[in-house]
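In: build me a structure from this.
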Amino acid sequence: MSSDDGALLSATFWEAGYEHLVELVHQRDALAHRRLNSLDVAVYDAAGTRLGGAPVDPRLEVLDLSALVPELAASVDRAMVTFDARYDTRVFNYRPHHYAFLHRLGAETPPLYYAVNAVLGGVPDRIGATNINNFETYVFRRQPLGARFSVVLGNLARFATAEAQLFAYYGSERVARDVALGPKAHVLVEVASEREGRRLQRVEVKALFRLASYVVGRRVDSGDIVLFDHLFTYIK
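Out: Residues are numbered from 1 along each chain as shown. Here you go, the predicted model:
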């Protein structure tokens, strides 16, 4: 590995029944085709068991999770997928970005395009901020929700258990829940869209180190995913 190589670990969550395409390198320019130096993909079940993985050709532009994951995890309905990327910092002087397309097969629900959650590497030393407090939040739109919500959290640590607090806010009321995750484990936590007539306004996650975290919204009637977006980290 070159001394100019950077490392970026990202994660998303796959569910059966969805077309799920990941754009491995988002940046493009007119003079050069940018690509990663290497990329390893791994798939884990909710308990943190590694179901499989493989190196991916770094020249590949789009990775089809809806084809790859069932080959490795045919017996599960949801899995955490990690992307361990190495890249030349002279080419990506900030970091590469992974974006993804998500759509329920055969559904009329519009497709979603989202940024894959970057969990480790590639951020603090590039933007001059090193004092991250691992506080992540998501603010909901003011329009009527019309959906049911959950937060899915994944622990990408190899050996350490992650202890986190999840807070949901309804006006001035805060509802807290403690979550413990073993190495590479993940959990989906249901969050009520209303509480005593007050709408869900935001959710927050606090942990000792960074987790893979997404807010998931589903249509009440069909269960189709209509919101899939990672929480955002705030810096002190």
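
In: by contact count, what packs against the longest helix seen in the chain?
Out: When the chain is parsed with DSSP state H, its longest helix is helix 65-72. Applying 3 or more Cβ pairs under 8 Å, 6 or more residues apart in numbering; DSSP states H and E, we find helix 65-72 packed against strand 5-15, strand 18-23, strand 38-44, strand 50-56, strand 78-88. All C-beta spots, glycine's among them, are computed from the backbone N, C-alpha and C.

In: just so I know, which of the ones you listed lies nearest residue 207?
Out: strand 5-15 (14.3 Å; Cβ to Cβ).

In: got the angle for the closest one vs strand 78-88?
Out: 160 degrees (axes from the mean of the first three to the mean of the last three Cα atoms, to 10 degrees).

In: and the next element down the chain from the worst-scoring helix or strand of the chain on mean pLDDT?
Out: The helix or strand of the chain with the lowest confidence, counting by mean pLDDT, DSSP states H and E, is helix 124-127 at a mean of 42. Using DSSP states H and E, the helix or strand that directly follows helix 124-127 along the chain is strand 132-139.

In: tell me the bridge partners for the residue nearest to residue 179 when sequence neighbours are not counted.
Out: Excluding its sequence neighbours, the residue lying closest to residue 179 (Cβ to Cβ, 6 or more residues apart in numbering) is residue 164, at 4.7 Å. Partner residues in beta bridges with residue 164, using DSSP bridges, are residue 179, residue 207.

In: tell me which residues touch residue 164, please.
Out: 153, 178, 179, 180, 181, 205, 206, 207, 211 (Cβ atoms under 8 Å, 6 or more residues apart in numbering).

In: residue 57 too?
Out: Per Cβ under 8 Å, 6+ apart, neighbours of residue 57: none.
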